[in-house]
Each structure stands twice: as structure tokens, then as C-alpha cells.
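**Q** My questions concern the predicted model and sequence given below.
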Amino acid sequence: MLDDFRSIADAVAGEIASGQLRPGDRLPPQRDFAYRRGIAASTAARVYAELTRRGLVSGEVGRGTFVRAAAPVPASVLAEPWQAPINLESSFPILATQPAILAQSLQGLLRPDVFGGILQAVPAFGTSAVQGTAAEFLRRTGWDPDPASILFTGNGRQAIAATLSALAPIGGRIGIEALSYPVIKGIAARLGISLVPIAMDEQGLRPDALDAAHRAAPLRGVYLQSVLHNPLGMSMPDSRRAELASVLRRTGLVAIEDRVFSFLVDDGPPLAALAPDHVVLVDSLSKRVARGLSMGFAVAPPALVEPLVGAIRSGPWSPGGFEFAAGMQVMKDGTAAILAAEKRQDAQDRQAIARRALAGFDLRGDPRAYHIWLELPEGWRAEAFAAAAARKGISLTPGPAYAFGPGHAPAAVRLALASPSPEVLREALETLARLARSAPDQIAVD
């Protein structure tokens, strides 16, 4: 009998593959499905569970079960290489002038008397001199990090992974915003950590929801984005950061504050300035400079420095010697600051292009960010829209990829604006606008 439900699932999968059932189509309720197929309701439940396991359908509480895009979003969301010619999926800006600027900055590292030294292993804490350089580089209004608290990793993702590892054992629980950076799902799964979605509002993660989740079942920490949230683009106001700092101090929880987009705005002191003993601030050079020339920073409370050093070493998440030397060079000579300033203007220019091309649609995001959140018109589901966009040569990320709560599948997509040229970006967004204005059933299936 167990094979019966699998054979029925195979039949439905065939209908999806042939186009009889299209992305976004709603399957009948399980009771109706059982009646039509002449099977027991319990068998129908197994069929739907099997289709979900295969990634062919997704269920939404209160709405039903829907056919997913013909080519499901890969498990490692935002993985490379991107298949579509126009990439609106990744946010790693490279300016036209950037290669020449970096080549000039880094040419001194290739001297034989220097090059040999930078091929050595780099400890997580670097040296006191490089910690001082990093402290100066990361300083913000109202926040002056202690150089001894700064640790280094290969990139920002590694800083997050090392901090999660230091905070939570296998089976530990970490809170996370209900919509958040999807790569955290894979990192947490590999570390054996459970992620607990925390409710949000228009100002970001809700302090009362964090408090309630911790009281219901103790958390080991919380991951959050305080500035230019990915994917929603919001930044927490000072009042919200103060409320969160109060909850952290009262509960003893530690927050991982991800600020990799903070170079695009001057938004005042981070959460780390308000609760320095309860926040690990994470940043990197991947957005400011380049993904291929990156270095991650973890600014830790004194009590967490040694556990975090141990996690970085055992990960292993220590930075490579050449990337570390290059990162220090562009920070010391001002190249990273120059590129950050130019990218601030570039992001605003691209936002202006997006808002003109998508005028009339429901958009969320900061006009200074490199990404924007597009709420889809009635009738469109996010994965169906992503599949239709891919057939037009445009890759983007459907909203459900960012959802951490069960049954939460927002009818929205995140558009990353950094990669294409401005001209190609405008054309791609105008194509998406025409697509969104059409009805899903008007889109031909290839």
C-alpha cells in the first residue's frame, strides 16, 4: 500500500512536468483529491506530503497547496553560477572603475619581499596593529569598537557561521526574523541548530516577540539585521534598537547583528553600542569592495572572544593570507572608503531606475539600498513569477526563500539591483513590469 501513494504522486508529478498542472495552480483539498482518485484520505495526505518532499508543491496554511515553479529554487538559495543571463539575484556591486582602482592599491603586495610574508596563516585575532586598523575602519557615529574585540574570518558568512557555532550547541535554538537572509538556513542546518522565527513589524524584529519566544523555550541567541534589512530594506530606528538592547540585557541573550549593508547609510549607532556585552556585530568587505576580495569581521563581547576564536579555528573560518593582506591594504590606504562612497551613489541611482520602471507597483525598500522588494499583483505567486522571469532570461529570488515561518509564502520577489549595467537593469525591470501586469495564465509555458 505504501507504493500506491508513491505511484499516485508519480502521476501528479507527470502532470506537472507535461504542463497539465502549471506553476501557481492550486491542487484540490486533500478530501476532494481522495474522492476524485478513489483513495483514502490518509493516502491523499501521503501523496501531498510526497509531492512537497520532492519540491513540486508547497502548502500554505489557510490557502491550500500550490504547484511550485517547474524548476524549483535550489536548496542553496543564491547559489552560483546564475543560469539566467540577467542577474537580479545577487547583490555584489562591481563598479566600472573598480578594477583599475584596486589594481593600483594592491600592486605593492606583489613585490617578492612582501609577497612571501602574506602567504602565511592568519590567526583569528590578526595582530594588535591590524585590529587597530579595523577598529578605525568600522567606527560609526556613537560607536567606537575596542580593537581587542575584533576577530577576522574569510568573509561575512563565515563570521556568522562561527558566531552561531560559538553560541549554540547541536540542537540549540537561535531566533531569527520571520523574513531574513536565506543562506542562514543552510548554515544552521549544517551546524545542527534550530532556527526559531520571530515576528516582525514595520520597524524590524519585535522585542516583545523575542522575549515571548525565549520564555516559551530558551534561545541561545538571535540573528538580526539592523540596517537595510535583506530582503525588506528597512532599518531599525533608534527607539527599536534601544528596546531590543533592553531585552538582551534583561534576558542575557546575545544578538548577531549583521551590518554588511551599513556602508550605504549613516544610520547612527548600532545595536552593539547599546548592549556591548550582548551583541556580536558582523560585517565584511564583500559589498564594499568585492566578493572575491573579502574579509569578515566579528566584533565580540569580552566574554565571547575566546569561544569565538575557538570556533573560527575549528571551522575552519580563518581568513586567507593574501585576502587578509589585500583587505588591510584597501582599508589603510582609503580605497575601501572611496569605493563605498561611489557605491552609495550607485545604489541610489539604481533605485531611481527601479522606481521609475516599476512605478505603480507596491514596492518596499530604502532608496539607498541595492535591493528592492516587489509585492506581486493579485493572481501571481512568487515562484510562478520567478519561473516566468527565468524564461525571459532574468533570475531573481522569490519571497518564500526568505521565509522562516511554516506556511509563510509571501507573494513577492526580491530584486537585486547591483549586477547589470544601468541600461540592462532598466530593460530587465521594464520586462518584469510588463510580466507583472499580465495574468499568469497568459504566460506561455516553454
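**A** In hand now; what should we look at? Numbers count the residues shown, from 1 in each chain.

**Q** Please name the residues that touch Arg6.
**A** Glu50 (Cβ atoms under 8 Å, 6 or more residues apart in numbering). C-beta coordinates here come from the backbone N, C-alpha and C atoms, glycine included.

**Q** ok, and for the helix or strand harbouring it, which residues are buried?
**A** Here Arg6, judged by DSSP states H and E, is contained in helix 2-18. Buried residues in helix 2-18, counted by 16 or more other Cβ atoms under 10 Å: 5, 8-9, 12-13, 16.

**Q** Export the residues you listed as CSV, with columns for distance to Arg350 and pLDDT.
**A** As requested, those are exported to CSV (distance: Cβ to Cβ, whole Å; pLDDT from 0 to 100):
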residue, distance to Arg350, pLDDT
Phe5, 49, 85
Ile8, 48, 89
Ala9, 44, 86
Val12, 42, 89
Ala13, 40, 82
Ile16, 36, 83
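
**Q** Show the contacting residues for Asp258.
**A** Contacts of Asp258 (Cβ under 8 Å, 6+ apart): 156, 160, 181, 223-226, 282.

**Q** Restricted to helices, list those residues.
**A** Within these, residues falling in helices by DSSP state H are 156, 160.

**Q** Output the below-cut-off pLDDT ranges for the protein.
**A** Residues of the chain meeting the criterion pLDDT under 70: 1-3, 18, 60-62, 69-84, 407-408, 441-446.

**Q** switch to 50 and redo it
**A** Applying pLDDT under 50 to the chain picks out residues 1-2, 70-82, 444-446.

**Q** Which helix runs longest in it?
**A** Longest helix in the chain, counting by DSSP H: helix 335-357.

**Q** got the buried residues for stretch 333-349?
**A** Residues 335-336, 339-340, 343, 346-347 are the ones in stretch 333-349 that count as buried (16+ other Cβ under 10 Å).

**Q** quick one: that stretch to chain centroid distance?
**A** 21 Å (Cα atoms, centre = their mean, to the nearest Å).

**Q** next one: stretch 248-257
**A** On Cα atoms, centre = their mean, the centre of stretch 248-257 falls 21 Å from the chain's centre.

**Q** end-to-end on it?
**A** Length of stretch 248-257, first residue to last, Cα to Cα, to the nearest Å: 12 Å.

**Q** how far away is the spatially most central residue of the chain from Leu195?
**A** Geometric centre of the chain, nearest residue: Tyr181, 2.5 Å, by Cα atoms, centre = their mean. From Tyr181 across to Leu195, the span is 11 Å (Cβ to Cβ, to the nearest Å).

**Q** if we can go back for a sec, turn the buried residues of stretch 333-349 into TSV, columns for distance to Ala409.
**A** Shown next, in TSV, are the buried residues of stretch 333-349 (distance: Cβ to Cβ, whole Å):
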residue	distance to Ala409
Thr335	42
Ala336	38
Leu339	37
Ala340	35
Lys343	32
Asp346	32
Ala347	28
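
**Q** Tell me the one of the residues you listed nearest Ala34?
**A** Ala347 (51.9 Å; Cβ to Cβ).

**Q** Spatially, which two of the buried residues of stretch 333-349 are the most separated?
**A** Thr335 and Ala347 (18.4 Å).

**Q** after the helix or strand harbouring Pro197, next one along is what?
**A** Counting by DSSP H and E, the element that carries Pro197 is strand 194-198. As assigned by DSSP H and E, the chain's next helix or strand after strand 194-198 is strand 200-201.

**Q** Against which helices or strands is that next one packed?
**A** Applying 3 or more Cβ pairs under 8 Å, 6 or more residues apart in numbering; DSSP states H and E, we find strand 200-201 packed against no helix or strand.

**Q** Provide the strand pairings for that strand, with the direction of each partner.
**A** Sheet pairing of strand 200-201 (DSSP bridges) gives strand 204-205 (antiparallel).

**Q** which element follows the partner strand toward the C-terminus?
**A** helix 207-216.

**Q** That next one: how far from the chain's middle?
**A** With Cα atoms, centre = their mean, you get 23 Å for helix 207-216.

**Q** how about JSON lines for the contacts of Asp258, with distance to Ala189 added?
**A** Compiled in JSON lines, the contacts of Asp258 are given as follows (distance: Cβ to Cβ, whole Å):
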{"residue": "Gly156", "distance to Ala189": "19"}
{"residue": "Ile160", "distance to Ala189": "14"}
{"residue": "Tyr181", "distance to Ala189": "14"}
{"residue": "Tyr223", "distance to Ala189": "14"}
{"residue": "Leu224", "distance to Ala189": "19"}
{"residue": "Gln225", "distance to Ala189": "20"}
{"residue": "Ser226", "distance to Ala189": "24"}
{"residue": "Val282", "distance to Ala189": "19"}
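
**Q** Which of the contacts of Asp258 fall in strands?
**A** 223-225, 282 (DSSP state E).

**Q** So which of those is the closest to Gln351?
**A** Closest to Gln351 out of the ones in strands among the contacts of Asp258 is Gln225 (18.2 Å), distances taken as Cβ to Cβ.

**Q** which residues does that closest one bridge with?
**A** Asp258.

**Q** Name all residues that make contact with it.
**A** By Cβ under 8 Å, 6+ apart, the contact list for Gln225 reads 177, 180-181, 204, 257-259, 261.

**Q** Would you mind measuring from Asp201 to Ala216?
**A** 19 Å.

**Q** Please disregard the earlier target; I meant Glu378.
**A** From Glu378 to Ala216 the distance is 35 Å (Cβ to Cβ).

**Q** Of these two, give the one with the bigger neighbour count.
**A** Ala216 (9 against 6; other Cβ atoms under 10 Å).

**Q** Please tell me how far the more buried one sits from Gly172.
**A** 15 Å.

**Q** and what of Gln329?
**A** Relative to Gly172, and taking Cβ to Cβ, Gln329 is found at 38 Å.

**Q** go on, Ile184?
**A** From Ile184 to Gly172 the distance is 14 Å (Cβ to Cβ).

**Q** between these two, who's got more neighbours?
**A** Taking other Cβ under 10 Å, Ile184 and Gly172 do not tie; Ile184 has more neighbours (22 against 18).

**Q** Please list all residues in contact with that one.
**A** 160, 176, 195, 223.

**Q** residues touching the third one, list them.
**A** Neighbour list for Leu195: 173-176, 184-185, 188, 404 [criterion: Cβ under 8 Å, 6+ apart].

**Q** Next step: those restricted to helices.
**A** Of the contacts of Leu195, the ones assigned to helices by DSSP H are 184-185, 188.

**Q** And those, which is closest to Leu363?
**A** Ile184 (24.6 Å).

**Q** Glu323: what secondary structure?
**A** Taking DSSP: H, G, I helix; E, B strand; the rest coil as the rule, one finds Glu323 in the helix state.

**Q** Can you give me the neighbour number for it?
**A** Neighbours around Glu323, by other Cβ under 10 Å: 19.

**Q** got it, and Leu102?
**A** Other residues close to Leu102 by other Cβ under 10 Å number 20.

**Q** Quick one: distance of stretch 365-383 to the chain centre.
**A** 15 Å.
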